[in-house]
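S.K.: Could you look at this predicted model? Sequence included:
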Amino acid sequence: MKLSILDQAPISADQTAKEALEASVKLAQAAEDVGYERYWIAEHHDIPGLACPAPEVMLGYIGAQTRQIRIGSGAVLLPHYKPFKVAEVFNMLATLFPGRIDMGIGRAPGGSAEVTNALSDSFLQRVWKMPELLKELLHFINNDFPDDHDFSSVCASPLPEIKPQPWLLGTSEKSALLAAELGMAYAFGHFMSDKDAGRILQSYYDTFHSRGQSSRPQSIVTVNAYCAETTEKAEEIALSSLIWSLQKENGEANSGVPSIEEAKAYPLNESVKDTIEKMKRKMIIGNPAQVKEKLIGLQEQYKADEIMIVTTTHSLEDRIHSYKLIGQELL
């Protein structure tokens, strides 16, 4: 099995943003040491408790402090940007770190409506133009615009010897079909979707067209997972993330991911308990043997090439240890 990591660069309640970003470097280094396939970092804007609005900046920083693990964006939110600029950035990263760069693309806003307006004009119209923007981006990456195109003489230099690998990230059949149409690798955000992952991924496999991006369909399923020596400890380290999610929904998350002690002290009524139980159904929580069994089951169920894991804990040590235990079982 191939395993990889999606890092949202969470800021813990007792951390600065700088410390959180430095923790992301340590996580990528630990992932490389354990044998994870790739490390991606997400893009978020003005969301309390998340430190990374610019994956491309962090990728240069992380790439310089790792040796061989693939690194990428999970994802660059294309409707905010011109495809040419995104192509330049990722071609430059691929020039600096040959054979290691993934260009993950998404279309979510990544923040509030006010932030979206601050970032870009006409965001919703550009979301509708996503297929067109994505095709343009791929032409820039492949340097293969038709001769009669307005951009046929434009080069997103520097052109690397090994191109960045494009991935489309999504949570719907629409994104899966677009990835298949364009011959792109596809990452399904299982951890943030209630839709039928099996049906969506099967649509991707069934309709895939080889168009130069990838000779065959390649898929990642991204899941929340928490692992510790005992199930009880795994439940404990997952609680910080669960309570933090509740705090974000209630507008209470200004202080970052709470400690285990703070999470345990959070007031729980029956409604809150029910909400937590529903959230846990989307998570894999357990000891190494339990997590291994569930991840293998997910991979077989969805015919995924790779499982990408999101683990958000208050303690960096707990987060890295969880990834190490999973890696030791499966890699």
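M.R.: In hand now; what should we look at?
S.K.: Check the spacing between the nearest residue to residue 199 once chain neighbours are set aside and residue 260 real quick.
M.R.: Nearest residue to residue 199, sequence neighbours excluded (Cβ to Cβ, 6 or more residues apart in numbering): residue 173, at 7.2 Å. Using the backbone N, CA and C atoms, a C-beta is placed for each residue, glycine as well. Residue 173 sits 38 Å away from residue 260, taking Cβ to Cβ, to the nearest Å as the criterion.
S.K.: rewinding a little: ok, now how distant is the residue nearest to residue 199 from residue 62?
M.R.: Counting by Cβ to Cβ, the gap from residue 173 to residue 62 is 33 Å.
S.K.: which one of the two has more residues nearby?
M.R.: residue 62 (24 against 16; other Cβ atoms under 10 Å).
S.K.: before we move on, what SS does that one have?
M.R.: Secondary structure state of residue 62, per DSSP: H, G, I helix; E, B strand; the rest coil, is helix.
S.K.: so what's it scoring on pLDDT?
M.R.: Confidence at residue 62, expressed as pLDDT, is 98.
S.K.: My read is that it contacts residue 32, right?
M.R.: No - applying Cβ atoms under 8 Å as the test, residue 62 and residue 32 come out as separate, 9.8 Å apart.
S.K.: which neighbours do those two share?
M.R.: residue 39 (Cβ atoms under 8 Å, 6 or more residues apart in numbering).
S.K.: So which residues of the chain form helices?
M.R.: Applying DSSP state H to the chain gives helices spanning 17-34, 55-63, 83-96, 113-119, 123-128, 130-142, 173-181, 197-207, 231-249, 260-264, 270-280, 288-302, 316-330.
S.K.: for the stretch 201-331 of the chain, which spans come out with low pLDDT?
M.R.: Counting by pLDDT under 70, the stretch 201-331 of the chain contains low-confidence residues at 212-213, 253.
S.K.: Low-confidence stretches in the stretch 1-150 of the chain?
M.R.: Of all residues in the stretch 1-150 of the chain, none has pLDDT under 70.
S.K.: so residue 5 bridges to which residues?
M.R.: Residue 5 has these beta-bridge partners by DSSP bridges: residue 39, residue 309.
S.K.: Tell me, how many residues neighbour it?
M.R.: By other Cβ under 10 Å, neighbour count at residue 5 equals 27.
S.K.: gap between it and residue 164?
M.R.: 18 Å.
S.K.: swap in residue 305?
M.R.: Residue 305 sits 18 Å away from residue 164, going by Cβ to Cβ.
S.K.: Distance to residue 151 added to the helices of the chain, as CSV?
M.R.: Shown next, in CSV, are the helices of the chain (distance: least, Cβ to Cβ, whole Å):
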stretch, distance to residue 151
helix 17-34, 34
helix 55-63, 21
helix 83-96, 8
helix 113-119, 24
helix 123-128, 18
helix 130-142, 7
helix 173-181, 21
helix 197-207, 28
helix 231-249, 41
helix 260-264, 51
helix 270-280, 45
helix 288-302, 37
helix 316-330, 41
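S.K.: which stretch among these comes nearest residue 159?
M.R.: In terms of Cβ to Cβ, the element of the helices of the chain nearest to residue 159 is helix 83-96, at 6.2 Å.
S.K.: Now do that closest one: which elements does it pack against?
M.R.: Helix 83-96 is packed against helix 55-63, strand 101-106, helix 130-142, with contacts defined by 3 or more Cβ pairs under 8 Å, 6 or more residues apart in numbering; DSSP states H and E.
S.K.: Leaving out chain neighbours, which residue sits closest to the residue nearest to the spatial centre of the chain?
M.R.: Centre of the chain computed as the mean C-alpha position; nearest residue by Cα atoms, centre = their mean is residue 74, 3.5 Å away. Leaving aside its sequence neighbours, residue 74 sits nearest to residue 40 (Cβ to Cβ, 6+ apart; 3.3 Å).
S.K.: With residue 49 instead?
M.R.: Among residues not flanking residue 49 along the chain, residue 256 sits closest, at 4.4 Å (Cβ to Cβ, 6+ apart).
S.K.: Hmm, that neighbour is touching residue 11, no?
M.R.: Yes - the pair residue 256 / residue 11 is scored as a contact, 4.2 Å apart, by Cβ under 8 Å.
S.K.: Can you check which residues contact both of the two?
M.R.: residue 49.
S.K.: how deep is the residue nearest to residue 74 tucked in, by neighbour count?
M.R.: Neighbourhood size, residue 40 [other Cβ under 10 Å]: 27.
S.K.: same deal with residue 128?
M.R.: Counted by other Cβ under 10 Å, the residues lying close to residue 128 total 12.
S.K.: again with the one 3 residues further on
M.R.: Using other Cβ under 10 Å, residue 131 has 12 other residues around it.
S.K.: list the contacts for the closest residue in space to residue 279 that isn't next to it in sequence?
M.R.: Leaving aside its chain neighbours, residue 279 sits nearest to residue 242 (5.7 Å; criterion: Cβ to Cβ, 6+ apart). Residue 242 makes contact with 263, 276, 279-280 under the criterion Cβ under 8 Å, 6+ apart.
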